[in-house]
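Trainee: Return atomic coordinates for the entry below.
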Amino acid sequence: MNVAELRREKDDSFRRAHDSPLTPEERRGFTGLRYFPEDAHLRFIVTLDRTAAGGVEEVEMSNGSTTEMRRVGVVRFNVDGERGELVAFEQGDELFIPFRDGTSGAETYGAGRYVEAEPLGGDEYELDFNRAYNPYCAYNDSWRCPLPPRENWLSVPIRAGELLFH
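Mentor: Numbers count the residues shown, from 1 in each chain. Predicted structure coming up:
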């Protein structure tokens, strides 16, 4: 599914789904989420470095609790001449990557965003930050969400994907 279709589908889900993170009142006035314009320069083919795998680790949650996630390695890329490196966690065939960046708190959700890297074969993945999204706790405090580990705090701004909700 392309990014535009993904965004339309998410808007529809937020508006109508019984498990939407929005309150009924917010759903009534909901006109859609806001996004950075799609940017092909923020789509990467990356190689999972499994030598940096760490097994199961405790990840802090938005409510102060922790959850166990399996660290499978790191992915590396360059944005505007700056090298980025992010810890990846196991999520089926995909890689789950929670991250913060130079836009966090100003243009995007302060606690960070998520992106999944799609498998291409072997240890190659597509990491498309245009698909970066806010965790449900960005919309509703009753949701419990994994927070990006310190290693996934980037200083470079990633101006792609979902913007702040309010």
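Trainee: and the next element down the chain from the lowest-mean-pLDDT helix or strand in the chain?
Mentor: In the chain, no helix or strand scores lower on mean pLDDT, DSSP states H and E than helix 24-28, which sits at a mean of 90. Counting by DSSP states H and E, the next helix or strand C-terminal to helix 24-28 is strand 43-47.
Trainee: Quick check: mean pLDDT of that next one?
Mentor: Strand 43-47 shows a mean pLDDT of 98.
Trainee: Which is the succeeding secondary structure element to it?
Mentor: Remark: after strand 43-47, the chain's next helix or strand is strand 55-60, criterion DSSP H and E.
Trainee: Poorly predicted segments of the chain, please.
Mentor: For the chain, applying pLDDT under 70 flags no range at all.
Trainee: Summarise which helices and strands the lengthiest helix in it is packed against.
Mentor: Taking DSSP state H as the criterion, the chain has its longest helix at helix 3-16. Helix 3-16 sits against helix 24-28, with contacts defined as 3 or more Cβ pairs under 8 Å, 6 or more residues apart in numbering; DSSP states H and E. Glycine gets a C-beta too; all of them are placed from N, C-alpha and C.
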